[in-house]
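In: Here's my sequence, what's the structure:
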Amino acid sequence: MQVKGGPRKVLVGTCMFNMFHEYPGLEARLEELGGLVNRMAAQAAEQHAGARLDIAALPECAVNGGLSGPAEEVAVPLEGPVLEVIGARAREHSCHVVLPLMLTEDHEAGRYSNAAVLLGRRGEVVGIYRKVHAAPGPGPEVLEGGVMPGREFPVFECDFGKVGVQICYDMAFDEGWEVLGRKGAELVVWPSQWPGQINPSARALRHGYFVVTSTWRNNASLIDPTGHVIREIREDGVFVEQIDLEYVLLHWQAALKEGKAFEEKYGARAGYRYDPAEDSGIFWSNDPQTPIVEMVRALDLEPKPEQLARSRKLQDKIRGGPPRLG
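Out: Reported below is the predicted structural model:
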């Protein structure tokens, strides 16, 4: 039995999948996407015996990628083959799937979205994120061929933690990433045609969550809350990486010994990544009976948020108030 606050291991899968070629047809495309999920699940089982893939991320417009034209011609409904095929893969592997597509919302009313559907472990629809910052074009008064931009930045409750989604051009705007942070997102999935590492790393560092990217080209990456890329691929393929959503961020402290204090006291029962160039790191527990926060207290260390709050309080006290921000 795992104690409350103990390790929360999550197997995250993603891919880089080039769709800059002739569209193979809906049936063939769904088989391609299902194959990517199959490969992630197989890799998870191979790397972590007895564990299962928790979430699989697919790239922006994965269902329709390669088609061109107005949204009314490119978009497809979720109900029918799309949900049947990809939902079946989610059920088969008992994993969540982030499935991006140009979505027909209401063909009669001419409503279409650039969306990412989050499927649950039984293939059910957990929720839908509709791209808020759809890109202009073609034409001066059209967004992405005629899609309706979304209004909300939802955070979805999964059995392993809280998941948010942003899509491609959302990266250029601050508010979605900020809202997801305020709402407690722990993992943000970024399906995109626009690859990136510096931008998503900045978002992860600023808001304190993991970011996983799924792209058409250049790289697909997993970034931790310190802003470091902890896994990437640079050619078409998939990868699976285990993260722990129960972690503590620590700045330099003499007693930390750049992480060696954890090795000396806990050995393999604790894990960490410490970067001397940044004088900080991320730490987690591998012991189901000992939460990472207990390990930190036992070593008489101070987590980053507490350290910053204490410093700010003392600064304000000595100067006689907060600094002027205008």
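
In: make it CA atoms for all contacts and neighbour counts henceforth
Out: Fine.

In: Give me the residues contacting the helix or strand hosting residue 230.
Out: According to DSSP states H and E, residue 230 maps onto strand 229-233. Contacting residues not belonging to strand 229-233 are listed as 15, 16, 197, 201, 219, 220, 221, 222, 223, 224, 239, 241 [Cα atoms under 8 Å, 6 or more residues apart in numbering].

In: Can you tell me the SS state at the last one?
Out: Secondary structure of residue 241, reduced to three states by DSSP: H, G, I helix; E, B strand; the rest coil: strand.

In: go on, the first one?
Out: Going by three-state DSSP, the secondary structure assigned to residue 15 is strand.

In: isn't it right next to residue 59, touching?
Out: Yes. Under the criterion of Cα atoms under 8 Å, residue 15 makes contact with residue 59 at 7.4 Å.

In: For stretch 69-79, what is the distance to the chain centroid?
Out: Taking Cα atoms, centre = their mean, to the nearest Å, one finds the center of stretch 69-79 at 26 Å from the center of the full chain.

In: now stretch 77-91
Out: With Cα atoms, centre = their mean, you get 21 Å for stretch 77-91.

In: before we move on, the earlier item: out of the contacts of strand 229-233, which one sits closest to residue 208?
Out: For the contacts of strand 229-233, the residue nearest residue 208 by Cα to Cα is residue 224; the value is 8.2 Å.

In: Backbone torsions only: list them for that closest one.
Out: phi -90, psi 170 (degrees, to the nearest 10).

In: residues contacting it?
Out: Per Cα under 8 Å, 6+ apart, neighbours of residue 224: 201, 204, 205, 209, 210, 211, 230.

In: Show me the protein divided up by domain.
Out: The chain breaks down into these domains under automatic domain parsing: 9-244, 247-319.

In: Deepest in the core, which of those is it.
Out: domain 9-244 (a mean of 20; mean count of other Cα atoms under 10 Å).

In: What's the end-to-end length of that one?
Out: With Cα to Cα, to the nearest Å as the measure, the ends of domain 9-244 fall 4 Å from one another.

In: I'd like the mean pLDDT over that domain, please.
Out: For domain 9-244, mean pLDDT rounds to 98.

In: centre of the chain versus it, how much separation?
Out: Relative to the chain's own centre, domain 9-244 is displaced by 9 Å; criterion: Cα atoms, centre = their mean.

In: pLDDT at the closest residue to residue 281 other than its chain neighbours, what is it?
Out: Once flanking residues are discounted, residue 281 sits nearest to residue 274: 4.0 Å by Cα to Cα, 6 or more residues apart in numbering. The model reports residue 274 with a pLDDT of 98.

In: Need the domains of the chain in CSV (columns: distance to residue 325).
Out: CSV is the format used below for those (distance: least, Cα to Cα, whole Å):
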stretch, distance to residue 325
domain 9-244, 19
domain 247-319, 13
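
In: Return the closest of the contacts of strand 229-233 with respect to residue 98.
Out: For the contacts of strand 229-233, the nearest to residue 98 is residue 15 (11.5 Å; Cα to Cα).

In: related to what we said a few turns ago, the residue nearest to residue 281 belongs to a helix?
Out: No. Looking at residue 274 with three-state DSSP, it is strand, so not inside a helix.

In: Does the nearest residue to residue 155 once chain neighbours are set aside fall in a helix, a strand, or a coil region?
Out: Excluding the flanking residues, the one nearest residue 155 by Cα to Cα, 6+ apart is residue 164, at 4.8 Å. When classified by three-state DSSP, residue 164 comes out as strand.

In: you'd agree residue 164 is up against residue 180?
Out: Yes. Between residue 164 and residue 180 there is a contact under Cα under 8 Å: 6.3 Å.
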